[in-house]
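Visitor: sequence and computational prediction follow.
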Amino acid sequence: MTTRVLIVDDRPTNLRIYAQFVTIMGEKYSAVTFANPVEALEWLHHNSADLLIVDYRMPQMNGAEFIKKVRSMATGGDVPAIVITAHQDRECRLSALDAGATDFLQSPVSHVEFCNRAMSLLSKSEKSVNLRQRASQIERKHAAVSEEQSQDPVAGKSMLEQIIDTIPIMINATDRSGKCLFTNAYQSALFDKTPDEMVGREFSAFLEPQLKRNSDRRNGIVLKSSQAIPHYEEKFTSDGVDLIFHCNKSPLLNHNGETIGVLTTAVDITARKFAEEHRTHLALHDMLTGLPNRVLLAEKVRKAVKTCSSGEEEAALLLLDLDRFKVINDTRGHHTGDTLLREVAERLTQIIGPNDFAARIGGDEFAIILNNISGAESINSRCTKILTAINEPYSISGVDQVIGASIGVSLIPGDGDEYEELLRMADLAMYDAKANGRNCHRFFSEGMNQIAQANAALENELRDAISQKQFALEYQPIVDAKTLDYAGLEALIRWDHPTKGRLLPADFIQVADDTGLMDILGKWVIAEVCRQIRTSAEQGVILPRVAINVSPRQFQNQNVCEELLKNIKANGIDPSKIVVEITEELLLDNNARVSRTLNRLRKAGVGISIDDFGTGYSSLQYLRDLPANCLKIDRTFISRIEHSAADRAIIGTIAHLAHALDMRVIAEGVENDAQLDLLRVSGCDEIQGFKIARPQRAEDLPKLFQNKAIGSTRTAGS
């Protein structure tokens, strides 16, 4: 007999693929396909299906609505139904479960998973159907025998007995010695017996050893106490198929009210139990990777704390964040990013020990609990193995991807005994790992906690400073290396702290960037620079171009292009008066949106300068493709130029490369004549540093620009 699989999906390609999967399952299986769920419902009114495969998102009705309508049909209540959803559709799955879905497949669907899930559900469904058919056959055979034995209707089976025999509930009664007094057809069918073959025999003899022990123990309690044992679950295995039953045991009483045996009833709840387990799984697991989520992590950490606090054991909580995952996600798409996350999850599962625990807690962050550790060296070794596993190339759609990770470690119970606190400590350690070069691990220390607390206090002060307008700009001159004529200015933000005086960016900019306050400060800097250029021009002072530092965060969270062009237009200034300074970090995390923004600014006439060049990891391809017109060599190279031939060679190479790409070269941090002379020889075009001038307050700019050039013998601050 052919087993029919009904497939409903509005996409023809999916219908064709799923039908092929059904063919792979074997000759006894056939597929019936519909692109329209309404037509599929009409077909079901006149035909039957053994399994439903339904896409959730369809234009006429979604998968949950379709299944709900099927369940309302007379023949649709027991047909297993698999719903196909995207990985993020948690609410869709819950909706489908409520409608009566049996299982789920995640799109895109592999043929192995499709066949395994379908065969498993069909096997369970077929077993339940066979059980009911066998019970019906036994009941009819038993009724026929009774009729042959007596033509007297009174001697035949009563209506109640017939009902008991046909309902899909297992019912049996045993005496005080455990012998079967009665069993209905559904019960005996589970053991492939007739009721007559079971009555008079010890009932527990038909059970597996563990079930026998459970049954005998519960029967003893009922017989001793004359009290019922309601609402427990039991698993029966029949022909290799596991079925879950909801059971009750009650005392069997005689006409004197004495307990003479035990009455047991059991209802098949296999399908309902599966739905409950799937709902629980959804609540406790990440849908993309299948790993436990933050909720289950909290439970496991608390359990580890309890275990470690009561004994000699130690454990560690690891917080793992993938390095440069955003680059892959942005450049190759979310599908590639999702595939990468699933493969990372699989590697973590393989590398951790059988007593350890791994979870995905959001984005590209994972958490691991290492149990039964023995000191820091053990953790060091385990972290190294984890990083080595993650560093292995990933082949995704035929392209190799390489990624790293930063790991923060907090010790249980050494660093704390509260889940939130341990997670916070591991998070601090993870950020320390990122700050120390990435692709490494760091342990939490009290020093990190002190820094975190200081940063939190600083964040509050920064918020007050923004609302009270405590920030100001200073401008450091940039001159032509040959003529020492003014070529530009760099705008530098300062904080006029009410008690600490004027603070430099090093004192607060990292906290501002980490907390998102840099978004507000960045907008203010752009507006203030444009206003200053306009105000100076109105006073008769024509400022050269002004460089504005823009952080990678601003590019991620703001429309920098719109903000700049809006302020340029509002102040009526020439776009060439503005230069945007970006870091190599932004180039490293380059994506199409950043490229479009930079190109649009360059076409509008705004300059693009790459700051701190030589300290990051940007490739020459980025320099070639991005519209930068200036490179600024980092001050670390300048400080060593007098004594290091290697640094002089690096500076000369950077200058040669920049000129080949039609870019100017600025050297920052120049402090003496010797450095200035060597930089001129190396090919640098412009100079910035204390040798030329210290940063100037806005009100001093008119005075500074009374002279158009600075002599080579002028010293810092003179």
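Guide: It's in. A quick note: this is a predicted structure, and the numbers were derived from the prediction, not measured.
Visitor: Leu679: neighbour count?
Guide: For Leu679, the neighbour count with other CB atoms under 10 Å is 27. Bear in mind the C-beta positions are built from the backbone N, C-alpha and C, glycine included.
Visitor: cool, Val54 as well?
Guide: Neighbours of Val54 (other CB under 10 Å): 25.
Visitor: wait, it touches Pro80, no?
Guide: No. Using CB atoms under 8 Å, Val54 makes no contact with Pro80, being 11.2 Å away.
Visitor: contacting residues around stretch 103-111?
Guide: Stretch 103-111 has contacts (CB atoms under 8 Å, 6 or more residues apart in numbering) with 17-18, 20-21, 24, 53, 80-87, 93, 96, 113-114, 117, 121, 274, 278, 287.
Visitor: following the helix or strand encompassing Ala298, which helix or strand shows up next?
Guide: Assessed by DSSP states H and E, Ala298 sits inside helix 294-309. Using DSSP H and E, the next helix or strand after helix 294-309 towards the C-terminus is strand 315-323.
Visitor: list the buried residues in that following strand.
Guide: Ala315, Ala316, Leu317, Leu318, Leu319, Leu320, Asp321, Leu322, Asp323 (16 or more other CB atoms under 10 Å).
Visitor: from Arg602, how far out is Pro627?
Guide: For Pro627, the distance to Arg602 equals 4 Å [CB to CB, to the nearest Å].
Visitor: looking at those two, which is more packed in?
Guide: Higher neighbour count among Pro627 and Arg602: Arg602, with 17 against 14, using other CB under 10 Å.
Visitor: ok, now which ones touch that one?
Guide: Contacts of Arg602 by CB under 8 Å, 6+ apart are Ile608, Pro627, Asn629.
Visitor: where does the second one land in three-state SS?
Guide: The three-state assignment at Pro627 reads coil, by DSSP: H, G, I helix; E, B strand; the rest coil.
Visitor: hang on, it packs against Ile608?
Guide: Yes. Assessed by CB under 8 Å, Pro627 is found in contact with Ile608 at 5.7 Å.
Visitor: quick one on the thing from earlier: pLDDT-wise, what's the bottom of the contacts of Arg602?
Guide: Across the contacts of Arg602, the bottom pLDDT score, 84, is held by Pro627.
Visitor: for that residue, what are its contacts?
Guide: Leu598, Asn599, Leu601, Arg602, Ile608.
Visitor: and the second one, what helix or strand is that in?
Guide: It stands for Asn599. helix 592-604.
Visitor: Ala667 too?
Guide: Assigned by DSSP H and E, Ala667 belongs to strand 664-668.
Visitor: hey, C-alpha coordinates of that strand in PDB?
Guide: Extracted in PDB, the C-alpha atoms of strand 664-668 (Å, rounded to 0.1, in the frame of the first residue of the first chain):
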ATOM      1  CA  ARG A 664      49.300  63.200   0.000                       C
ATOM      2  CA  VAL A 665      51.200  62.000   3.100                       C
ATOM      3  CA  ILE A 666      51.000  63.700   6.500                       C
ATOM      4  CA  ALA A 667      53.400  62.900   9.300                       C
ATOM      5  CA  GLU A 668      51.900  63.600  12.800                       C
END
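Visitor: what strands flank that strand, and is each parallel or antiparallel?
Guide: Under the criterion DSSP bridges, strand 664-668 sits next to strand 630-633 (parallel), strand 686-688 (parallel) in its sheet.
Visitor: that strand: what's the following helix or strand?
Guide: Using DSSP H and E, the next helix or strand after strand 664-668 towards the C-terminus is helix 673-682.
Visitor: quick one: list the elements packing against that following helix.
Guide: helix 645-660 (3 or more CB pairs under 8 Å, 6 or more residues apart in numbering; DSSP states H and E).
Visitor: what sits up against the helix it packs on?
Guide: 613-614, 620, 623, 630-631, 633, 637-638, 640-641, 664-665, 667, 678-679, 682-685.
Visitor: need the nearest residue in space to Ser95, chain neighbours excluded.
Guide: Leaving out its chain neighbours, the residue that sits closest to Ser95 by CB to CB, 6 or more residues apart in numbering is Ala64, at 4.4 Å.
Visitor: sorry, back to before: what about the helix or strand that the helix holding Asn599 is followed by, distance to the chain center?
Guide: On the C-terminal side of helix 592-604, the closest following helix or strand by DSSP H and E is strand 607-613. Centre-to-centre, strand 607-613 and its host chain are 34 Å apart (CA atoms, centre = their mean, to the nearest Å).
Visitor: which strands or helices does strand 607-613 pack on?
Guide: strand 545-549, strand 578-583, helix 584-588, helix 592-604, strand 630-633.
Visitor: quick one, the fourth one and strand 607-613 angle?
Guide: Orientation check (axes from the mean of the first three to the mean of the last three CA atoms, to 10 degrees): helix 592-604 against strand 607-613 gives 130 degrees.
Visitor: and the angle from helix 592-604 to strand 578-583?
Guide: 150 degrees.
Visitor: could you check how far helix 592-604 is from the centre of its chain?
Guide: 30 Å.
Visitor: do the same with the shortest one
Guide: Taking the mean of its C-alpha atoms, strand 630-633 sits 38 Å from the chain's own mean (CA atoms, centre = their mean).
Visitor: same question, the first one
Guide: Centre-to-centre, strand 545-549 and its host chain are 38 Å apart (CA atoms, centre = their mean).
Visitor: what's downstream of it, the next helix or strand?
Guide: helix 552-557.
Visitor: quick one: the closest residue to Leu489 other than its chain neighbours from Gln688, how far?
Guide: Spatial nearest neighbour of Leu489, chain neighbours left out: Tyr475 (4.3 Å); criterion: CB to CB, 6+ apart. Using CB to CB, Tyr475 is found at 11 Å from Gln688.
Visitor: any shared contact partners between the two?
Guide: Contacts common to Tyr475 and Gln688, judged by CB under 8 Å, 6+ apart, are Glu490.
Visitor: report how many residues lie close to Val402.
Guide: 11.
Visitor: close enough to count as contact, it and Ser395?
Guide: No. Look at Val402 against Ser395 with CB under 8 Å: they stay out of range, at 10.8 Å.
Visitor: who's in contact with stretch 530-550?
Guide: Applying CB under 8 Å, 6+ apart, the set of residues contacting stretch 530-550 is 473, 475, 478, 486-491, 522, 525-526, 529, 560, 567-568, 570-573, 576-582, 607, 609, 611, 698, 701-702, 705.
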